[in-house]
Structure formats: structure tokens, C-alpha cells
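In: dropping the sequence and predicted coords here.
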2 protein chains.
Amino acid sequence: MRSASPNEAVPATTPAASLVFTTVLSHGPITRTEIARRTKLSSAAVTKAVRPLMEIGYLVEDVGEGARRAIGRPANPVRVDGSRALFVGIKVTGDAIIAVLADLCCRILTARTVPLSGRRPAAVLADIVAVLHDLLTEADAIGGRVRGVGIAVSGDVDRAEGVVRYSPFLEWRDIPLAEIAGTATGLSVTVDNDVRALTRAEHWFGAGVGLSDFALVTVGAGIGCGLVVHGRVVSGAHGVAGEIGHLPIDPQGPLCYCGNRGCVEAVAADPAILRDVRAATGLPVADLAEALELARGADPRVRAVYARAGEAIGRAIASVVNILGPERVIISGEGLAAYDLFAAGIRDAFTRSAFGIAEQCDLTTRPLPFEEWARGAAATAIQSFIGSITLRATT
Amino acid sequence: MRSASPNEAVPATTPAASLVFTTVLSHGPITRTEIARRTKLSSAAVTKAVRPLMEIGYLVEDVGEGARRAIGRPANPVRVDGSRALFVGIKVTGDAIIAVLADLCCRILTARTVPLSGRRPAAVLADIVAVLHDLLTEADAIGGRVRGVGIAVSGDVDRAEGVVRYSPFLEWRDIPLAEIAGTATGLSVTVDNDVRALTRAEHWFGAGVGLSDFALVTVGAGIGCGLVVHGRVVSGAHGVAGEIGHLPIDPQGPLCYCGNRGCVEAVAADPAILRDVRAATGLPVADLAEALELARGADPRVRAVYARAGEAIGRAIASVVNILGPERVIISGEGLAAYDLFAAGIRDAFTRSAFGIAEQCDLTTRPLPFEEWARGAAATAIQSFIGSITLRATT
DNA sequence: CTTTTTTCATTGACAGCGGAAAAGAACTGC
DNA sequence: GCAGTTCTTTTCCGCTGTCAATGAAAAAAG
């Protein structure tokens, strides 16, 4: 939330205006009446919030219109004009940067993946600046202006301060990334935790639209979880939340690198699956693709490994659901490639353990390719941007 | 939140006023400057919110004052005048009603426990009305007027509608308790889930004061959990949350009545402990008191049972902490009597499983006798009351 | 003993948000 | 063209919370 500009004074959009803006963002072309219903504002308030946003050009009336009601004055839906502002979303992993150029509707225009030249902040910063310049050129070519940059990093991130408190993969501690990147690029930079950023994107644009309580579970190299409670992304009291990777699932389970036994990650994350497939088959399985192939070839030993992993994931999800009672759980991550193998285990363990709540909670899968993480970072930038729009003149 | 009055129109206190009111409630005698700091309102706004509340008499200036600052104009702290309104809090269990008469500061003036004459809604209602009349007489004697009634019931409760959706212990389904009790007594009745009510009371008056994210874990006949996230008590999307009793802790654990294996409750709740103590010793242990005695007599077999239970509780707490990252976990419930036996297990399992977060989260115990549950119900009533105060005249 | 400094609280002017109600606008159907 | 319906805007207004200045009460300084 730190800006590159010398003073930090952020001109605030009115609460109603940003509420309306995000509602329009999420609910596509939407009539003013419908906005009023969703936001619980009066129709007059909606009109007054929409007008200045249209004057500036961020909202436009949707001429296409859809199916008209049979009767009464036809509605005049509005939507966000994506082209009016561009954003860059950057996801930093332990060994690469994924960056996207996105428009105001958070549609991905271009994506880039570049390997990290090093993990030290200076090296990462250089890589960020490089990819950013690349995308800025791209933006110029399109003829749009980049209004903000979002950076997503795994670990403990203080978004309000724009500081990476601790990132295990990068081995960073207390790096004021927003400020550094902001001064280096002259752009407004927002930094947030990667899972939270992805969760926000799903909340605004994905399978979480319109929900006030849901969970997003990512399965892959690690197992993570983003939460939305009361319509807000949960950060935890100390910036850490959704750490389901180390939920204690089985006291007799395999040893986890965290020192504990039977963590979800020690059973169901990629390395664990690979390890178990090797152990079960005795074959020198090289990678997950090979493991998947064996499973698809109906090798019962390998399928059992996946089934067990699915069960662990299902138990983790059940834990989240028991604790928070969300309306939906979105399962995603690279691990989704093997979802057919996980599915039965997940569903079994989930319905069994989410005692009496399982029926009320909807399990959904959603393939979220790697660029989606960068898109989440862009969504974070868009959120900051919305909060900083200056509105003037109404009558 | 349903009132007995024919129309449901609830005159709303302004947001700022109720914010200030609850701040004063929680933070005892507090200066206006401090209120401004905590609520992030301007000092002018605080003055304007406090004045009408003082005029009505709910707030008073605290003449006692405490330690003065050495320098500058002395502050003029305000506090809530408890005597200006009384409330009844009622907790309904499977076989008894616990009721308290509390003042506006939620201090318990009188407590009553009466056995239920039956579990059918009509029988329970009759018991509620009886105990209520008893407490109303008491209130008359004191010379105070009861302004609201809160009823706490375990299970799925829709507070906004005042309906008990499903209560396993009472075997109720969709009982509009607030409306029924409201018309029967002519008082404003609020109904809420019991754990949420207790959590709210702890948030306002107990170990959760000033925290925006914490968890309250109750250990006893069952194991439950109330959550506060973003400063609000969590209800879940469908009115159910905090069900940690059936977190899947151990796939090889004992069978739980929910049909699953290794639920926390199947290891650490009172019946489970009793069962395990009997099995471990081969003695016909009659009740928990006896089991406790054996443990205190240093019987290693019995102590092992408690240790195991503590471990299960610790794992459950670790799950909550991993998922939500609260600032504090408050452990309470009747099971606290054996806390010395649980303690090591809880702490071990917790620090082991709450990977990297344990240090940031503070474990506290708090003995909450049964009346506290009823007090929670009273707090719910007070919350409704605050929201319904009509303010007029300011200048 | 007066003046200055410091902190707490209040006042009054004021911008502007958001609501209520009514008017206007656009379309269908008769 | 008129009635009916639905969506949107307009006008008016109350009310809220902020700003900046002022008042109040004490200790410290001169």
C-alpha cells in the first residue's frame, strides 16, 4: 500500500464509491438497481457513485445489453472499462518470476515467466525491474498506462506497510519491498502474501464471487489455504493464516520437514507423493508426471498413494470447514492435474469428518494455472488503485 | 434480534454511538481521548457521541479518577452506569436452565439454575418464563428495569431471525424462540448460539478485550470453539462454525459417536476420558471426580489418559491457530479442573504442530463457571439493546 | 504569583454522504 | 395515446464526522 510518490497521502475514494466499483467489477455488466440491491445502498446513492466514475471513464454503460425484461423501462447496465488502466501483477517464487500485464478488469493481456537470477533482495529486485520494463513497453505498445504494480510473495507479508516480514523460500526478513520497488520504478507498488492475493482474485473474479465466507485450498508443491470471512480476506493477527499444510492429521504419519509427524504436506504435497510412489513401487520414478502415468496405468500401489493423499487433503478441508463453516471450498493448484485420483479420497474424508456441515458446503475445483497467481497480485494492485481514485464534481 | 413489540422497526443507534458505547463497556473508565484513539474517530465525534449517552444516563463521568498524569489537564474518564438497565441471560442446556440477572455492565447480580421440566419447546418455554418471572421480581426489588433477554442455545441458531434452526440436545428444529418468548413475556428477546454468546462476552468483558482475532476453546462434556475474526464473532455461512469437537486428529483413534475415528471429542471430552480411565485401570470408576482423584494420586495409567487427552486438545488448538492465526487462544470449560493434567500435553502438541506460529499466539486459561454462559446470553441482549437505543437532542 | 506549556475536551462552521420521495424516462401492451 | 411497469435521476434535507480554533485545568517555569 506504499506508494512511490514522496508523500504517502493517498486520496481516498469514498466508501460507497469503492463498494460500487468492486461490485461492478465482480458482477460484470450490472444494472444500477442490482448494484443497489447488492450493496444495500439506496438507488440514489448508486447513481451518485456511478456518475463520477463514468465521467472519469472507469465505468461505461454497456450498450450491448443482454436479454431485456419483457416489460418496463430497460435497464442500463454498467461495466468497468478495462482498457482505462493497466496493472502489472508479479508473483515471486523461489526460482522464478511470473508476471502479467492485466487490465482494470483483471484480464490477463500478456504473461511472462523469467527465472530468478538470485534470491537476494537486490537480485530479485533487478529481475522485477527488468520484467516490469518489458511489460511497460508492452503497455506502451497497446497504448495503455500502468497505474499500479502488485507483488505477491509467499510467507509473512505486511501489506499495509508493504514489507515482507519473512519469506522462507527467499530467505528474506523484513524487506520493505513496496518502498524499494516503488522508488526503483516510480510506480505505486503493493505487496501481499501470494495466497491472499489469489484468494482476493477468486473473490472478485473467480469462484468466490458473491460469497462472504469461503476457502481456497491450493494443492501442489505445498498445501495452502486462503480464507474469506465476513467478506474479507483473513490475514491473521500476525499476518499469517491459512497454514493448513501442517495441520496434524495423523500422529503415526510420515515425518514432515517441520519436525512433526503426519502433517498434510508430509502426505499429500508433491514431494511426499513422489516419495511414497517410489517406496510403494520400488521404481526409480523420476517425477510426478511419471507417477501420474503409473497411476493412470492403473497401478494399484500408486493409486493407493494418491488415495491416501486425497484422504489427507479431505481431512484438512474438513478441518477448515468444521472451524469456519464456509459456503464453499475451492480446490486448486497444480495438484489438480491428479484430481481424478484424489477425488474419491477427498470427498470421502471430507463428508465423513465434516460432521453435519458437509452438505451445506460446496466443494469446487478450479484449475488455476501459474499466471493466476500473478493475476492475484494484479488484483491486489487494482484494489489499491480503487482506494486511491480521486473523485471530484458530481452535480 | 426479534422484538416482542408488534412492529419490528428497531430504532438504530448511530454507528459511532454504539462503537463508543462498546468501547466504554470494554475498557472500563476511559478518557474521551483514549476512546478517540481506539475507535479512530475524531475527538469531536467522541464528544458528540458521548454527550447524548450521558444525558440519557447510560454513561457517567467517573469521579474516582485514577492515577493522574503528572502534566496537562487531567482527563475525565467515563464509564457505563451499570445500574441504568438490567438484562436477563438464559442458557438452556439439555437438562437445565441457567439464568442470570445482569446489569448494563454485564455484572452478574443473581444466578439461578433450574432443571428442565422437559425438552419440548413448550416445556422449555414454560421453564424460561418461570425463571424469568422470578428474576423480574428480583429486578423489581432492586429497583431496576429489565430491558432485554438473551437466550443461548447450543446448535445452529439464526440470531438475526431469532430462530433455533437445529439443536441436537433439545432435538429442536426451526423453533422461532425469540418470537415465542418475546410474545410470552412482552420483553425484547435475542437468541444466539451459546458458544458465540460466551465468545462475545469474553470479547467485551473477558480475556478477549481489545483483540480483533482470538479463539475461545471450551473443554468439558463436549469440545467447542468460538472465534473472533476481524473483530467480529464468526457465525459461518450457515450459522455453524467453531466445531472443533470433530476435527479429525487421529485416523487410528477411538470411534466417535459421529461415526468417525479419532475426533478430538472421542479422545478428550469427559465421556472419553472416563471410558479410557476405566479401560486403563480396570476399575469401576464412577465419575470424573474419581478419575481426577486417581490421577492426582499419581496413578501413571490415569495420568497417561489425561496426557493423551491434552495432546488431542493441543492438536485441535494448533489446527485453529494454523488456520486463523489468532492473537490468543482462551481455554476454558469445566475440563479446566484437570488443566494441570492436560497442560503439558496441550502445550507440547500445540508448539509442535503450530509450526512457526506458536510463539506469536498466546495460550491463556480462564475458568468460566456455568453462569458465565448465561452471562454470555446477557451480553447478547446488551448488544441488541445498544443497537436499539434512540438518541435525540445534542446541541 | 503570573506566564507558559501541556494535555484534555468542546464548540461551531461546514462539507458531503446517503436517504426519502417524487419526478422523469423508456419500454410494452392495449 | 394511455396505462402499467421498471429503471434512473433529481431535488431536498438531515445528519455525521472532520477541521480548526477555543476553552479548561493542571504542572512547570520564570
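Out: Thanks, I have the structure now.

In: tell me how many other residues crowd residue A:70.
Out: As a burial measure, residue A:70 scores 5 neighbours (other CB atoms under 10 Å in any protein chain shown). Every C-beta, even on glycine, is put in place using the N, C-alpha and C of the backbone.

In: does it belong to a helix, a strand or coil?
Out: coil (DSSP: H, G, I helix; E, B strand; the rest coil).

In: quick check: it vs residue A:63, distance?
Out: As defined by CB to CB, to the nearest Å, residue A:70 lies at a distance of 20 Å from residue A:63.

In: repeat for residue A:23
Out: In this view, residue A:23 and residue A:63 are 20 Å apart by CB to CB.

In: more neighbours: which of these two?
Out: Between residue A:23 and residue A:63, counted using other CB under 10 Å, residue A:23 has the larger neighbour count: 21 against 8.

In: now do the contacts for that one.
Out: Applying CB atoms under 8 Å, 6 or more residues apart in numbering or on different chains to residue A:23 gives the contacts A:30, A:35, A:38-39.

In: redo these as CSV? Include distance to residue A:124, pLDDT and secondary structure.
Out: Converted to CSV, the contacts of residue A:23 look like this (distance: CB to CB, whole Å; pLDDT from 0 to 100; DSSP: H, G, I helix; E, B strand; the rest coil):
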residue, distance to residue A:124, pLDDT, secondary structure
A:30, 39, 93, strand
A:35, 41, 94, helix
A:38, 40, 94, helix
A:39, 39, 94, helix
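
In: so what pLDDT did residue A:119 get?
Out: pLDDT recorded at residue A:119 is 89.

In: which SS state does the residue nearest to it when sequence neighbours are not counted fall under?
Out: By the measure of CB to CB, 6 or more residues apart in numbering or on different chains, the closest residue to residue A:119 outside its immediate chain neighbours is residue A:170, 5.1 Å from it. When classified by three-state DSSP, residue A:170 comes out as coil.

In: ok, residue A:209 next?
Out: Strictly by three-state DSSP, residue A:209 counts as coil.

In: surely it is in contact with residue A:200?
Out: No: if you go by CB atoms under 8 Å, residue A:209 and residue A:200 don't touch, sitting 11.6 Å apart.

In: the more surrounded of those two?
Out: More neighbours surround residue A:200 than the other of residue A:209 and residue A:200, with 26 against 14 (other CB under 10 Å).

In: what helix or strand is that one located in?
Out: Using DSSP states H and E, residue A:200 sits within helix A:194-205.

In: list the contacts of residue A:38.
Out: Residues in contact with residue A:38, defined by CB under 8 Å, 6+ apart, are A:23, A:27, A:30.

In: of those residues, which is the nearest to DNA strand D?
Out: residue A:30 (8.7 Å; CB to the nearest atom of the strand).

In: mind checking how far that closest one is from residue A:382?
Out: The spacing between residue A:30 and residue A:382, counted by CB to CB, is 17 Å.

In: next, count neighbours for residue A:220.
Out: Here the number of neighbours of residue A:220 (other CB under 10 Å) works out to 18.

In: quick one on the thing from earlier: I figured the residue nearest to residue A:119 was touching residue A:96, is that so?
Out: No: in this structure residue A:170 lies outside contact range of residue A:96 using CB under 8 Å: 11.8 Å.

In: okay, now the domains of chain A?
Out: Taking automatic domain parsing as the reference, chain A has its domains at A:15-82, A:84-200+A:372-387, A:209-365.

In: just to revisit the earlier point, show me what the following helix or strand past the helix holding residue A:200 is packed up against.
Out: With elements assigned by DSSP H and E, the helix or strand that comes after helix A:194-205 is strand A:214-219. In this structure, strand A:214-219 packs against helix A:194-205, strand A:223-229, helix A:300-324, strand A:328-332, with contacts taken as 3 or more CB pairs under 8 Å, 6 or more residues apart in numbering or on different chains; DSSP states H and E.

In: quick check: angle from the third one to strand A:328-332?
Out: Going by axes from the mean of the first three to the mean of the last three CA atoms, to 10 degrees, helix A:300-324 is angled at 140 degrees with respect to strand A:328-332.

In: return the set of buried residues in helix A:300-324.
Out: For helix A:300-324, burial by neighbour count (16 or more other CB atoms under 10 Å in any protein chain shown) applies to A:302-303, A:305-324.

In: that one near chain B at all?
Out: Yes: under the criterion of CB under 8 Å from any CB of the partner chain, helix A:300-324 makes contact with chain B via A:315, A:318-320, A:322-324.

In: would you quantify the distance from the residue in chain A that DNA strand D sits nearest to to chain B?
Out: Closest to DNA strand D within chain A is residue A:72: 2.0 Å, counting by CB to the nearest atom of the strand. As judged by CB to the nearest CB, to the nearest Å, residue A:72 and chain B stand 30 Å apart.

In: got phi/psi on that residue?
Out: Note on residue A:72: backbone dihedrals following degrees, to the nearest 10 are phi 90, psi 170.

In: and it, what is it in contact with?
Out: Counting by CB under 8 Å, 6+ apart, residue A:72 touches no other residue.

In: where's it relative to residue A:33, distance?
Out: 11 Å.

In: same thing with residue A:266?
Out: Distance from residue A:266 to residue A:33, counting by CB to CB: 52 Å.

In: between the two, tell me which one has more neighbours.
Out: More neighbours surround residue A:266 than the other of residue A:266 and residue A:33, with 25 against 13 (other CB under 10 Å).

In: not counting sequence-adjacent ones, nearest residue to residue A:115?
Out: residue A:96 (5.2 Å).

In: now swap in residue A:41 and tell me
Out: Nearest non-adjacent residue to residue A:41, counting by CB to CB, 6+ apart: residue A:16, 6.0 Å away.

In: what is the neighbour count of that neighbour?
Out: Applying other CB under 10 Å, we find 15 residues neighbouring residue A:16.

In: mind listing what it touches?
Out: Applying CB under 8 Å, 6+ apart, the residues near residue A:16 are A:39, A:41, A:45, A:49.

In: which stretches of chain A form helices?
Out: With helices called from DSSP state H, chain A shows them at A:15-26, A:32-39, A:43-56, A:121-142, A:177-185, A:194-205, A:265-268, A:270-281, A:288-296, A:300-324, A:339-353, A:370-388.

In: for the fifth one, packing partners?
Out: Right, the one you point to is helix A:177-185. Helices and strands touching helix A:177-185, by 3+ CB pairs under 8 Å, 6+ apart, are helix A:121-142, strand A:146-153, strand A:163-167, strand A:189-193.

In: can I get the ones you listed in CSV with mean neighbour count and distance to residue B:222?
Out: Converted to CSV, the helices and strands packed on helix A:177-185 look like this (neighbours: other CB atoms under 10 Å in any protein chain shown; distance: least, CB to CB, whole Å):
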stretch, mean neighbour count, distance to residue B:222
helix A:121-142, 17, 49
strand A:146-153, 26, 40
strand A:163-167, 21, 37
strand A:189-193, 31, 34
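
In: residue B:351 is nearest to which of the ones you listed?
Out: Evaluated over the helices and strands packed on helix A:177-185, closeness to residue B:351 peaks at strand A:163-167, with 18.1 Å, by CB to CB.

In: check which helices and strands that closest one is in contact with.
Out: Applying 3+ CB pairs under 8 Å, 6+ apart, one finds that strand A:163-167 contacts strand A:156-158, strand A:172-175, helix A:177-185.

In: so which of the ones you listed is the most surrounded?
Out: Most buried of the helices and strands packed on strand A:163-167, by mean neighbour count (mean count of other CB atoms under 10 Å in any protein chain shown): strand A:156-158, with a mean of 24.

In: that one and chain B, are they touching?
Out: No: Strand A:156-158 lies apart from chain B when judged by CB under 8 Å from any CB; the minimum separation is 8.8 Å.

In: partner strands of that strand and their direction?
Out: Here strand A:156-158 is paired, per DSSP bridges, with strand A:163-167 (antiparallel).

In: and the closest residue to chain B within the stretch 151-300 of chain A, how far is that from residue B:322?
Out: At 2.4 Å from chain B, residue A:236 is the closest residue in the stretch 151-300 of chain A, using CB to the nearest CB. Using CB to CB, we find residue A:236 at a distance of 10 Å from residue B:322.

In: thanks a lot, catch you later.
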